[in-house]
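A.B. asks: this is a predicted model, with the sequence first.
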Amino acid sequence: MAKYILKRFALGIVTIWAVITITFILMHSVPGNPFATESRKIPPNIMENLMKKYGLDKPKSEQYIMYLKNIAKFDFGESMKSDSETVNQIIARGFPVSARLGLQSILIALIFGPALGAIAALYQNKIPDYVAMIISIIGVSVPSFVLGSFLIQFVATKVEWIPIGGWGEFRHTLLPSFALAVMPLARFSRLMRSSMLEILGQDYIKTAKSKGISKFAVIMKHAVRNAILPIISILGTTVSDLVVGSFVIEKIFGIPGLGQFFTTSVFNRDYTLIMGVTVFYALVLISAMLLVDIAYMLIDPRIRLTKEGH
Amino acid sequence: MSDMTYTKDMFQKVKRESYHADEIKRPTIKYWADVWRRLKMNKLAMTGLFILIIMGIMSIIGPHLSGFDYKEQDYSQVNIRPNSTYWFGTDELGRDLFSRAWLGTRYSLLIGIAAALIDFGIGVIYGGIAGISSRKVDAIMMRIAEVIYSIPYMLVVVLISVVFSTAGSGTSMFVLIFAMTITGWVPMANLVRGQVLQLREFEYSMASESLGASKGWILRKHIIPNSFGPILVNVTLTIPRAIFSEATLSFMGLGLQLPKPSLGTLANDGLAVMPIGLFYQILIPSILISLIMFSFNVLGDGLRDALDPRLRK
Amino acid sequence: MGKLLEVKDLAVSFQTYFGEVEAVRGVSFHVDKGETVALVGESGCGKSVTANSIMQLLPMPPAFYKNGQILFEGEDIVKKSDKEMQKIRGNKISMIFQDPMTSLNPTMKIGKQIIEGILKHQKLSRHEAKKKAIEMLELVSVPQPEKRINQYPHEFSGGMRQRVMIALAMVSNPELLIADEPTTALDVTVQAQILDLMKQIQDKLGTAIILITHDLGVVADISDRVIVMYAGKIMEEGTTDEIFKNPKHPYTRKLLGSVPRLDMDRNESLHSIEGTPPDLYRPPKGCPFFDRCDKAMVICKDHMPNKEYHSDSHYSYCWLNHPMAKAADEGSEI
């Protein structure tokens, strides 16, 4: 098992390196000089200083190695457009907000999604199944930006206690967390339904029933426990989708999260910030996937065995 | 039974030659006809197919129906709610939203289909090469694919849009599609590779046992029917994903080049005027995009169910 | 010995998209205390459906009891609610299944899987239940039970898993054990061990066994009586001796012909039975074996034969038993 984890870890490092390299190449292949798009004219001597400050006067290969070194130290450099803050500071300010939003959403999705799917499977082709499946089909079909704006229009403007946007108190987090949670919730419930249906047809469910234990125990201890495994395996990619969703949700609800900074940096063409945030996101996502992989292995004894190379 | 009278004839042995097996009791249906029959039974999938056909037609003729050009600005007719002249109303610049909405649908569909086809193309080539290569090359190629697939997809899309777009005017459709297919082809490649490996196994067993089946026969009878289904499902489910990505990107302001509308840019424009009470401007593209997503999703699900032989009875 | 189980005219069908499948069509038999009855037939003949309906383990719907009674200790199982069945399952009637690879929950330690049943039916503490589970594993000759109890199913071989399944089934000392093809998925050497184990346990605990199999070879040493099923009906029943030495139904003879015997000449070939059983969407009106029977007569096609007793314990359903068939046969030979 240790060997497998090590292998996954190495793959994660390679992926992060690939992201860093792609980001570097892309950012440095942008035509023109990064300061030229600004409206005010920059005198040549100041420009020279700027180039020096960001190391842009050095050869590309040297810049690349320097960048790698800095990232290894978790130093993403200084923002090109914000004089007062480094990229690290901006991440430190935005990430906790985004992380809270993301965690709350995934919690909502993890509590309600599998439950909905399990109920659908247990009542296959009956009314609860249809209701659950309609909810989840709508859930995967309605993009989060649509849902977010509808929530503002029909909930936030009607219910006084719920704010239209902003951040700070718990009530600020309600609508955005929900809007962000719907897509993964729907996906979990669909996956849960199909895996639950498969598991319910397994021989060991019959064995469990033949022991005389109650229906509830059969479902909870034997069916749900096994049916939930595929959901754990897609948690990693779900986190990745949540990040994308958060870009949009943060924009709609005016939440000062990392996604907002990222979007703004893209518009400002703040290259160090774009690169920094991209690499940071990649780090977070790839670690999340690695963690999910390891967790999956700990939960499913079969995987443990096969990955040991038997 | 006691009232039955037995005659000697009844106890004559049956001659097997004169006896033919009873008529085939269950109708045997050809594979694809069978798939289609099961798909037709799935009302949700058929609804999806129907909506898609309607939307496809409207995306072609819709922009010409209202008599207003999509980019024609009329400052005397700004932010008009839907009425008999402007069926979907007008936007901030007085452009007809009916024409724009269906043109947006056209671009969204085009982007989705193009992305799915390119994924398919790259996937077939890459997966095919990996499948017929030596074990070592195959392993390396698959490792590379794995790395590419674990690169967070949207980050790359955003980066590429940044690099190739000219500031303030959005991205060209080509770049957008290119960006979206960078990681999207990997599942398809895996699928194709799996099928090719299976083919090789077939060939191997054919060669060793010399059963006399031609390669073409195996391809026609086994590989294509077996792989066509999963690939079709994959394509059907890739389209909405690409449409969704484009819409999200456009909504963030990184989408299509102005003044070309996509459903995402229309929704983005709509969001801007939502606070001043013009909800219809975001409502219409939202409904259209949700309908597209819904239809592709249920159609993809329906196809998968229809193709799954385990569900066949 | 009293009758432990009595199945009377049982009919079970499945409602499918194409229509009703009549899987079991009027089956009657009984099992006495402590005896072993074998239910034999090809796959799809309704033997497993019969067994599962004794435990009410069929998925309902699509399955439903169409007719008949299943009397266990005098009470009709068909009429029992799921709550009432829970007190019977694993307690008075237990079951083991064909594939030990898939019959155990892959993500649960086997100890826990055994203990679960003990806690349900016996007033024991968790600690006592664990001790009991270890005892049971010892009984079925699983080595190092204290250690094995904390392992997962995939750490066991197929034979060992089937032993675990037997331990699991026997924890509450049931009156009746239904073994649904218990050896089919196992290696031949392991098959004999498992059958041996079942016999030992039966001797020790006095459990009655219904052994379901498609393989008459498995039946010979272990069972007291044999019931031959085909296309949802019983074709012949008798003591093991009667079935092996004096089979009356052509189907039984064919089944016997497909079993390898030690006394067989090397040149003698095994006979497989040609053709396939009839489709139970539209079961035939007459004898279901008609299509594949080389002794078939005109009457067989549309008329189901009557039950004909050859001894107190031996009967079959076949038109060949009819006096006129014998007459016709003799007539043709002359």
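C.D. replies: It's in. Numbers count the residues shown, from 1 in each chain, chains lettered A, B, ... in the order given.
A.B. asks: which parts of the stretch 151-300 of chain A are helices?
C.D. replies: Counting by DSSP state H, counting those that start in this stretch, one finds helices in the stretch 151-300 of chain A at the ranges A:170-200, A:203-210, A:215-217, A:225-227, A:229-253, A:258-268, A:271-299.
A.B. asks: residues in chain C within reach of chain A, list them.
C.D. replies: Neighbours of chain A within chain C, by Cβ under 8 Å from any Cβ of the partner chain: C:55, C:57, C:82, C:85-91, C:94-95, C:97-99, C:102-108, C:113, C:116-117, C:120-121, C:152, C:154-155, C:165, C:168-169. C-betas here are computed from N, CA, C, even on glycine.
A.B. asks: the same query, at a cut-off of 7 Å, please.
C.D. replies: Within chain C, the positions lying close to chain A (Cβ under 7 Å from any Cβ of the partner chain) are C:55, C:57, C:82, C:86-91, C:94-95, C:97, C:99, C:102-107, C:116-117, C:120-121, C:152, C:154.
A.B. asks: now, the residues you listed that are in strands?
C.D. replies: Counting by DSSP state E, the residues of chain C next to chain A place C:Ser94, C:Met95 in strands.
A.B. asks: which of the residues of chain C next to chain A are buried?
C.D. replies: C:55, C:57, C:86, C:88-91, C:94-95, C:97, C:99, C:102-107, C:116-117, C:120-121, C:152, C:154 (16 or more other Cβ atoms under 10 Å in any protein chain shown).
A.B. asks: give me the subset of the residues you listed lying in helices.
C.D. replies: Members of those lying in helices (criterion: DSSP state H): C:Gln86, C:Ile88, C:Glu116, C:Gly117, C:Lys120, C:His121.
A.B. asks: wait, which of these is closest to chain A?
C.D. replies: Checking these against chain A with Cβ to the nearest Cβ, the nearest one is C:Gly117 at 3.9 Å.
A.B. asks: ok, now which ones touch the closest one?
C.D. replies: A:Lys211, A:Gly212, A:Ile213, C:Gly90, C:Leu168, C:Val171, C:Ser172 (Cβ atoms under 7 Å, 6 or more residues apart in numbering or on different chains).
A.B. asks: let's have the residues you listed in a markdown table, adding distance to C:Glu138 and pLDDT.
C.D. replies: As requested, the contacts of C:Gly117 are exported to a markdown table (distance: Cβ to Cβ, whole Å; pLDDT from 0 to 100):
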| residue | distance to C:Glu138 | pLDDT |
| --- | --- | --- |
| A:Lys211 | 20 | 85 |
| A:Gly212 | 23 | 82 |
| A:Ile213 | 23 | 83 |
| C:Gly90 | 20 | 82 |
| C:Leu168 | 14 | 85 |
| C:Val171 | 13 | 83 |
| C:Ser172 | 17 | 83 |
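A.B. asks: re earlier: would you turn the helices of the stretch 151-300 of chain A into JSON lines with mean pLDDT and distance to chain B?
C.D. replies: Shown next, in JSON lines, are the helices of the stretch 151-300 of chain A (pLDDT from 0 to 100; distance: least, Cβ to the nearest Cβ, whole Å):
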{"stretch": "helix A:170-200", "mean pLDDT": "87", "distance to chain B": "8"}
{"stretch": "helix A:203-210", "mean pLDDT": "86", "distance to chain B": "16"}
{"stretch": "helix A:215-217", "mean pLDDT": "85", "distance to chain B": "25"}
{"stretch": "helix A:225-227", "mean pLDDT": "86", "distance to chain B": "17"}
{"stretch": "helix A:229-253", "mean pLDDT": "83", "distance to chain B": "4"}
{"stretch": "helix A:258-268", "mean pLDDT": "81", "distance to chain B": "5"}
{"stretch": "helix A:271-299", "mean pLDDT": "82", "distance to chain B": "5"}
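A.B. asks: quick one: which of those helices is nearest B:Lys260?
C.D. replies: When the helices of the stretch 151-300 of chain A are compared by Cβ to Cβ, helix A:258-268 sits nearest B:Lys260, at 19.3 Å.
A.B. asks: report the buried residues of that closest one.
C.D. replies: Buried residues in helix A:258-268 (16+ other Cβ under 10 Å): A:Leu258, A:Gly259, A:Gln260, A:Phe261, A:Phe262, A:Thr263, A:Ser265, A:Val266, A:Asn268.
A.B. asks: could you find the closest non-adjacent residue to residue 267?
C.D. replies: Just going to use chain A. What sits nearest to A:Phe267 in space, not counting adjacent residues and going by Cβ to Cβ, 6 or more residues apart in numbering or on different chains, is B:Gly253, at 6.9 Å.
A.B. asks: switch to chain B, that's the one I care about
C.D. replies: Distances taken as Cβ to Cβ, 6+ apart place B:Pro285 nearest to B:Ala267, at 4.5 Å, with adjacent residues excluded.
A.B. asks: let me know the helix or strand that that neighbour is in.
C.D. replies: Assigned by DSSP states H and E, B:Pro285 belongs to helix B:280-307.
A.B. asks: where's the closest residue to B:Leu291 other than its chain neighbours relative to chain A, distance?
C.D. replies: Among residues not flanking B:Leu291 along the chain, B:Ile51 sits closest, at 5.8 Å (Cβ to Cβ, 6+ apart). Relative to chain A, B:Ile51 is positioned 11 Å away (Cβ to the nearest Cβ, to the nearest Å).
A.B. asks: send me the helix or strand hosting B:Ile51 as CSV with only the CA atoms.
C.D. replies: Using DSSP H and E, B:Ile51 sits within helix B:43-65. Taking Å, rounded to 0.1, in the frame of the first residue of the first chain, the C-alpha atoms of helix B:43-65 are listed here in CSV:
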residue,chain,number,x,y,z
LYS,B,43,-40.0,9.0,-22.3
LEU,B,44,-37.5,11.3,-20.7
ALA,B,45,-34.8,10.5,-23.3
MET,B,46,-37.2,11.0,-26.1
THR,B,47,-38.3,14.4,-24.6
GLY,B,48,-34.6,15.3,-24.6
LEU,B,49,-34.2,14.3,-28.2
PHE,B,50,-37.3,16.2,-29.2
ILE,B,51,-36.2,19.4,-27.4
LEU,B,52,-32.7,19.1,-29.0
ILE,B,53,-34.2,18.8,-32.5
ILE,B,54,-36.4,21.8,-31.9
MET,B,55,-33.5,23.8,-30.5
GLY,B,56,-31.3,22.7,-33.4
ILE,B,57,-33.9,23.9,-35.9
MET,B,58,-34.4,27.2,-34.0
SER,B,59,-30.7,27.8,-33.8
ILE,B,60,-30.6,27.8,-37.6
ILE,B,61,-33.8,29.7,-38.4
GLY,B,62,-34.4,31.6,-35.2
PRO,B,63,-32.1,34.5,-35.7
HIS,B,64,-33.9,35.3,-39.0
LEU,B,65,-37.4,35.1,-37.7
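A.B. asks: that one - what's its average pLDDT?
C.D. replies: Mean pLDDT, helix B:43-65: 87.
A.B. asks: which helix or strand lies directly C-terminal to that helix?
C.D. replies: That would be, after helix B:43-65 and using DSSP H and E, helix B:97-132.
A.B. asks: which stretch of helix or strand covers the residue nearest the centre of chain C?
C.D. replies: Closest residue to the average C-alpha location of chain C: C:Ile212 at 2.2 Å, with Cα atoms, centre = their mean. In the assignment (DSSP H and E), C:Ile212 maps to strand C:208-213.
A.B. asks: next one, pLDDT for residue 139 please.
C.D. replies: You didn't say which chain, so I picked chain A. 88.
A.B. asks: the intended chain is chain B.
C.D. replies: We have a pLDDT of 84 for B:Ala139.
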